[in-house]
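1. No letters, just coordinates:
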């Protein structure tokens, strides 16, 4: 019993115990023997003799008589044949002279059949067990499946049940049940004819059994009810072998290990029941049924749980099943294989693993909450199956690492996204996509805190990469299963610790506020005396077309300026991280591409340049960028080290660059208008009082237009710096200071009710504050509205053209006034600059029609500037009423420039009309 003898051994031992009955149980038609007719005559005479002695025989003799009659009836039933009756009818019609020849022929045939039967019995039936190949399930059985009992020879078949008494039937059925309960066929209880144990799916569903005929009806009904446990045991044992394979993950492996322990207890019970059968005379089939009732219920629950898992895994067909929701894991694996040059194996097999298994057990536990035994069993299974999942969770929460070889944890790591690509990441891919949540693998116990789990591990992962976590330290005193009452407290405390650790790393160790102040100095031109000096030194280079600018020369000039003693930047410890770049895309076109884009595709993101973010709406550029100068193409770059590059990412730095280019364009335009004012003040043609009143009127109109343009640019620059950037900057830094104080004071702060650490602010909120600061600045500086961008570009283009047109206007004045033309032809004017001396010494011819041309040109500039400025003011008023209130102050400031009036600003001069 304990050694699980194969059926062949049991059959041979049975044949040795019952040799007399072996010839009566063959399922094949029995061949009539040579002396069958004589034996029938002897049986007929013995029956007649027994009838004569019926009056004087005792009860024992009467039993023998009935047995002999029954044996005769069985023999007649097995040897009857339609062929025999037809032969006998033909024999009756034949002559009695053919009878001796027929008997001799029959005798010779029976002798040959007897010889063949004896030869078959001499051939031994010896099935052998062989080893099956290894599988990925380490504890799966490697012994081949024994042959079916129905294939055994007739000599090994047991005695028919109808020849046994009721007590003997019960004894052999109990013995058979003990074998069947362990997955083997018995002598009288066998697999159904349709069951094939070689088919894995049939073993997963479980076999049906058949009982050989002749069993008492009361025993048969009770035996059939107990056979369900054998079906469930064989199926559950196969479930464990299938789900123990490597691809089903550690949670399934732990669940199978727990079921194996239960099956071991089940086999121990079978050994105890066998001992009762051998030693206890009162051990009956009813007692066996009572002993196996609780175990049968346990196996029924295990069977149903295993069937649900197999259907969820697609091993068994489930019509209501849904496709796997986490197909991105397979896609990520394929991409990594392609990058590594490996082979790609495409598969559509869905796997239920990890959190899905725990969710399935939890769902079944909630549905069986009214059954105490089932609830206890499923609670045990959930506790054991959740241990490897909790080990992964604790590793993620307390070390920031993922040990998930089977991709069954709720956090998915994309190893293809590396930290080294942060300087080219225009989509915040590292922070947003390196670690994501697998929604299909989130167990119900973590559904409410899954975001905290994600953030805790992400924060701690950053700290660990900076050397702030000792990964060799073993985490102690943490819950190891889902039923631990400290389960949620563990998540909350780990989240609070990771948040405070990363705050301390960013704000204190890597000095994030100081870095942000450095960015403000360089990108927002805060206290930019060094930058004005840099623009003066590099003016000759920056006036060239962008494609001809020597970037190395500009970088050298910037380094000289930044190291200039007495400069604000000289005291900056991060000045080495500032670099000069030339972007051949103009600011307006760059902004229009960003404003009109509806989504960044991955190819453009991987290309590492924002110039690739093209949509059909931006195929036609707003401005022609083929001949932009270095002033319009120059942009600063900043090398931000990790982990500060998470806060000031490439996307964030792009926002800084957009604001910088806009402020630089305003500063350069202001410088150009001031230089034009200087030219007009030094040139004799502007200082000379002409006798022609129209010329003097034209001068005043030109001065007024230049003043209005300068007023517009200065007011816009003041608004962007003093009313947009500075207030939002102060608000951001105040929040940073508060977070720093809370981080220092609140490391050990806990809630009064739950005793868990209290988290007021998170690192993600800090990052969002920084992004919101830049987004607000861009919006309030009119850089996120396509209509405002177009109008603003036209106004600034008009101002730039007017500033560069000042040199031509001076020549127009000379040719329009006859006195100036005569003086200029005779000698250079004393107030002329050196660069105009050559042109001034040339012959100027008085042109009376020049004044009209000058008025026409000036009117065009005035109309263009006034019209676009009015459109801008109307648009700002509309947006101030619908979107951004802060535009009202800008409207008030720019309205004076539109009217040509006088406006006074703090720290600035007075500009008159």
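-> Received the coordinates, thanks. Keep in mind that this is a model prediction, so the values were computed, not measured.

2. Which other helices and strands does the host helix or strand of residue 558 contact?
-> Assigned by DSSP states H and E, residue 558 belongs to helix 551-562. Using 3 or more Cβ pairs under 8 Å, 6 or more residues apart in numbering; DSSP states H and E, the elements in contact with helix 551-562 are helix 529-537, helix 539-542, strand 578-582. Backbone N, C-alpha and C define where each C-beta goes, glycine included.

3. With mean pLDDT and distance to residue 373 as new columns, can the ones you listed be given to me in CSV?
-> As requested, the helices and strands packed on helix 551-562 are arranged in CSV below (pLDDT from 0 to 100; distance: least, Cβ to Cβ, whole Å):
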stretch, mean pLDDT, distance to residue 373
helix 529-537, 83, 79
helix 539-542, 84, 84
strand 578-582, 87, 72
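
4. which one of those lies closest to residue 371?
-> strand 578-582 (70.3 Å; Cβ to Cβ).

5. Output the contacting helices and strands for that closest one.
-> Secondary structure elements in contact with strand 578-582, counted by 3+ Cβ pairs under 8 Å, 6+ apart, are helix 551-562, strand 634-638.

6. what lines up beside the last one in the sheet?
-> Put plainly, it is strand 634-638. strand 578-582 (antiparallel) (DSSP bridges).

7. Following the chain past the partner strand, name the next helix or strand.
-> On the C-terminal side of strand 578-582, the nearest following helix or strand under DSSP H and E is helix 587-596.

8. Tell me the secondary structure at residue 190.
-> When the structure is reduced to helix, strand and coil (DSSP: H, G, I helix; E, B strand; the rest coil), residue 190 reads as strand.

9. who's it bridged to?
-> With beta bridges defined as DSSP bridges, residue 190 has these partners: residue 210.

10. That one contacts residue 209, doesn't it?
-> Yes: in terms of Cβ atoms under 8 Å, residue 190 counts as a neighbour of residue 209; the distance is 6.7 Å.

11. which one of the helices and strands packed on strand 578-582 lies closest to residue 170?
-> Comparing the helices and strands packed on strand 578-582 against residue 170 with Cβ to Cβ, the closest turns out to be strand 634-638 (90.6 Å).

12. Can you say which of the helices and strands packed on strand 578-582 is packed in most?
-> For these, the largest average neighbour count (mean count of other Cβ atoms under 10 Å) is found in strand 634-638, namely a mean of 19.

13. Mind listing what's buried along the helix or strand just after it?
-> Beyond strand 634-638 in the direction of the C-terminus, DSSP H and E gives the next helix or strand as helix 644-647. In terms of neighbour count (16 or more other Cβ atoms under 10 Å), helix 644-647 has its buried residues at 644-647.

14. Can you lay out those residues as TSV showing pLDDT?
-> As requested, the buried residues of helix 644-647 are arranged in TSV below (pLDDT from 0 to 100):
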residue	pLDDT
644	84
645	82
646	82
647	85
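
15. just to revisit the earlier point, nearest to residue 590, of the helices and strands packed on helix 551-562?
-> The stretch from these with the least distance to residue 590 (Cβ to Cβ) is strand 578-582; that distance is 12.8 Å.

16. If you compare the directions of that closest one and helix 529-537, what angle comes out?
-> Taking axes from the mean of the first three to the mean of the last three Cα atoms, to 10 degrees, one finds strand 578-582 and helix 529-537 inclined to each other by 40 degrees.

17. So what touches strand 578-582?
-> Taking Cβ atoms under 8 Å, 6 or more residues apart in numbering as the criterion, the residues outside strand 578-582 that touch it are 522, 546, 549, 551, 554-555, 558, 562, 630, 633-639.

18. and if we set it to 10 Å?
-> The set of residues external to strand 578-582 that reach it, using Cβ atoms under 10 Å, 6 or more residues apart in numbering, is 518-519, 521-523, 534, 538, 542, 546-559, 562, 569, 572, 628, 630, 632-639, 657.

19. so how far does stretch 573-587 reach from one end to the other?
-> From the first residue to the last, stretch 573-587 extends over 30 Å; the measure is Cα to Cα, to the nearest Å.

20. ok, and for that stretch, which residues are buried?
-> 574-575, 577-578, 580, 582-583, 585-587.

21. Please identify which of those residues is nearest to residue 853.
-> Out of the buried residues of stretch 573-587, the one with the shortest distance to residue 853 is residue 586. That distance is 31.3 Å, counting by Cβ to Cβ.

22. I'd guessed that closest one sits against residue 631; true?
-> No: in this structure, residue 586 sits apart from residue 631 without contact. The criterion is Cβ atoms under 10 Å, and the distance is 11.2 Å.

23. Overlap of the contact sets of these two?
-> 546, 665.

24. on that earlier part again, now distance to residue 876 too, for the buried residues of helix 644-647, in a markdown table please.
-> What follows is these, written out as a markdown table (distance: Cβ to Cβ, whole Å):
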| residue | distance to residue 876 |
| --- | --- |
| 644 | 36 |
| 645 | 36 |
| 646 | 36 |
| 647 | 32 |
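
25. from these, which is closest to residue 315?
-> When the buried residues of helix 644-647 are compared for distance to residue 315 (Cβ to Cβ), residue 646 comes out closest, at 43.3 Å.

26. Next one: residue 307 from residue 294, what distance?
-> 21 Å (Cβ to Cβ, to the nearest Å).

27. Give the full set of residues in contact with residue 726.
-> Residue 726 is in contact with 520, 524, 526, 720, counting by Cβ under 10 Å, 6+ apart.

28. Let's see if you can find the most crowded of these.
-> Neighbour counts for the contacts of residue 726 were taken using other Cβ atoms under 10 Å; the highest belongs to residue 720, which has 22 neighbours.

29. Let me see the contact set for that one.
-> Residues in contact with residue 720 (Cβ under 10 Å, 6+ apart) are 524, 659, 662-663, 666, 726, 777, 780-783, 890.

30. Show me how to select, in PyMOL, the buried members of those.
-> Those of those that meet the burial criterion (16+ other Cβ under 10 Å) are gathered into one PyMOL selection, given here:
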select buried, resi 524+659+662+663+666+777+780+781+782+783+890
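
31. Nearest to residue 871 among the contacts of residue 720?
-> Distance ranking of the contacts of residue 720 against residue 871, using Cβ to Cβ, places residue 782 first at 12.8 Å.

32. The closest one: which element?
-> Secondary structure (DSSP H and E) places residue 782 outside all helices and strands.

33. Surely it touches residue 666?
-> No: taking contacts as Cβ under 10 Å, residue 782 lies outside contact range of residue 666: 11.5 Å.

34. hey, what's in contact with both of those two?
-> If you check residue 782 and residue 666 against Cβ under 10 Å, 6+ apart, the residues they both contact are 716, 720.

35. ok so, going back, looking at residue 307 and residue 294, which one has more neighbours?
-> Remark: of residue 307 and residue 294, residue 307 carries more neighbours, 19 against 11, as counted by other Cβ under 10 Å.

36. Report the buried residues of the strand or helix carrying residue 854.
-> Using DSSP H and E, residue 854 sits within helix 850-882. Burial within helix 850-882, assessed by neighbour count using 16+ other Cβ under 10 Å, is assigned to 850-851, 854, 857-858, 861-862, 864-866, 868-869, 871-873, 875-876, 879-880.

37. try stretch 439-456
-> 440-443, 445-446, 449-450, 452-456.

38. May I see the residues you listed organised as JSON lines, with pLDDT and secondary structure added?
-> Supplementary listing: these in JSON lines, determined by pLDDT from 0 to 100; DSSP: H, G, I helix; E, B strand; the rest coil:
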{"residue": "440", "pLDDT": "85", "secondary structure": "helix"}
{"residue": "441", "pLDDT": "87", "secondary structure": "helix"}
{"residue": "442", "pLDDT": "89", "secondary structure": "coil"}
{"residue": "443", "pLDDT": "89", "secondary structure": "coil"}
{"residue": "445", "pLDDT": "88", "secondary structure": "helix"}
{"residue": "446", "pLDDT": "88", "secondary structure": "helix"}
{"residue": "449", "pLDDT": "89", "secondary structure": "helix"}
{"residue": "450", "pLDDT": "88", "secondary structure": "helix"}
{"residue": "452", "pLDDT": "89", "secondary structure": "helix"}
{"residue": "453", "pLDDT": "90", "secondary structure": "helix"}
{"residue": "454", "pLDDT": "89", "secondary structure": "helix"}
{"residue": "455", "pLDDT": "88", "secondary structure": "helix"}
{"residue": "456", "pLDDT": "88", "secondary structure": "helix"}
